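J.: Pasting the sequence and the predicted coordinates here, then a few questions.
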Amino acid sequence: MESGIIIKGVGGFYNVYTGEGRIVTCVARGKIKNKGIKLFVGDRVSFSCSEAGTGIIETVFPRTRFLHRPPVANINQLILVFAMNKPRLNLNLLDKLLVQAEAASLPALIVINKIDLGFDREAGDIKAIYTKIGYKVLPVSALKNQGVAEMKPWLKERISVVAGPSGTGKSTLINRLCPGADLKTREVSAKLKRGRHTTRHVELIPLEGGGFIADTPGFSFYQLKDIGAAELAGYFPEIKAVRGGCKFGGCLHDREPECEVLCRMNRGEITRSRYDSYLQLLREVQSLERSF
Ligand SMILES: Nc1nc2c(ncn2[C@@H]2O[C@H](COP(=O)(O)OP(=O)(O)OP(=O)(O)O)[C@@H](O)[C@H]2O)c(=O)[nH]1
Ligand SMILES: [Zn+2]
């Protein structure tokens, strides 16, 4: 019996990575299907080899974590790829993704790509803001291969899923980290006259130094519908840290009297853009709650 990690699954066939570049195509043993167990990329499995050379998956090891959209088992972290410009960094979207990561108990790594276009004072400020509240921020240029090597220690032995707005360079970055990956970047897909996101399949790409990375075709992680208004503040680490000081137990930090969060924001200890994101997401969550 051998074991490995499913890196791709299409039409009942699974590519299982066993290490050192070896991939075995497998099918699932009938008992797995009969039990209604579904297999996903990221699943750790054991398999036996048939005479024909195909593997037969016998067992699936318990999952440590599961990301639903896209489905990835045993995911360890999210890598949020943004650029300062082209497209212009949207702090609110960054904060929204960070909230999603926190809600899923997933560590998030923030990558600011395209620093070859400039890394000005504003970029430095943004790096400082997020570093201060506990996130690792890595400025890189996927195009010029700057800073990309610094990402590698964060990827080792982990299953990482890359997310971020369109055009920030996610595919370029993955190609840089794993030259064999050959993900289609925008120019190429424009030439082919079709989007790269025509399939919803996620595929894990084994990295040289160990670990796996996945792009997120059709990433739909942006929904907040599972998060309650009262929970939201708990997903902003710097708000979570001080909210105990608010006068009212049910304080939503939205103009209530003697709100510690507002007070800290006014003193400059909590960044205004983060607080603004909090309020914007609070409105979003509240209107979702009302619509149910
Ligand atoms: N200047 C500069 N351009 C970059 C960099 N990385 C990527 N690009 C360019 O940005 C554009 C988009 O890159 P992609 O890698 O396709 O972006 P993506 O995030 O995968 O985009 P989607 O597939 O739409 O989600 C391409 O023209 C890349 O050449 C970089 O570090 N610097
Ligand atoms: Zn408060």
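T.: On my side now, so go ahead. Ligands and ions are numbered 1, 2, ... in the order given.

J.: Show me which residues of stretch 66-76 are buried.
T.: Using 16 or more other C-beta atoms under 10 Å as the burial criterion, the residues of stretch 66-76 that qualify are 67, 70-76. Glycine gets a C-beta too; all of them are placed from N, C-alpha and C.

J.: what does stretch 144-163 give?
T.: For stretch 144-163, using 16+ other C-beta under 10 Å, the buried residues are 147-148, 151, 154-155, 158-163.

J.: From the buried residues of stretch 66-76, pick the one nearest residue 50.
T.: The nearest member of the buried residues of stretch 66-76 to residue 50, counting by C-beta to C-beta, is residue 73 at 24.1 Å.

J.: Contacts only, for that closest one.
T.: The neighbourhood of residue 73, defined by C-beta atoms under 8 Å, 6 or more residues apart in numbering, consists of 6, 40-44, 63, 65-66.

J.: on that earlier part again, export the buried residues of stretch 144-163 to a markdown table and tack on pLDDT?
T.: Compiled in a markdown table, the buried residues of stretch 144-163 are given as follows (pLDDT from 0 to 100):
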| residue | pLDDT |
| --- | --- |
| 147 | 97 |
| 148 | 96 |
| 151 | 96 |
| 154 | 95 |
| 155 | 96 |
| 158 | 97 |
| 159 | 97 |
| 160 | 97 |
| 161 | 94 |
| 162 | 94 |
| 163 | 92 |
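
J.: ok, which pair from the residues you listed is furthest apart?
T.: The most widely separated members of those, counting by C-beta to C-beta, are 147 and 159 (21.9 Å).

J.: in this protein, what residue is nearest ligand 1?
T.: Among the residues of the chain, residue 169 lies closest to ligand 1, at 2.9 Å counting by C-beta to the nearest ligand atom.

J.: Sort out for me which of the buried residues of stretch 66-76 are in strands.
T.: With DSSP state E as the criterion, strands contain 67, 72-73 from among those.

J.: Adding pLDDT and distance to ligand 1 as columns, could you present those residues in a markdown table?
T.: Rendered in a markdown table, the data for those read as follows (pLDDT from 0 to 100; distance: C-beta to the nearest ligand atom, whole Å):
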| residue | pLDDT | distance to ligand 1 |
| --- | --- | --- |
| 67 | 87 | 17 |
| 72 | 93 | 17 |
| 73 | 96 | 23 |
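
J.: ok so, going back, what subset of the contacts of residue 73 is buried?
T.: 6, 40-44.

J.: In the protein, what helix or strand scores lowest on average pLDDT?
T.: Comparing helices and strands within the chain by mean pLDDT, DSSP states H and E singles out helix 186-192 as the least confident, with a mean of 45.
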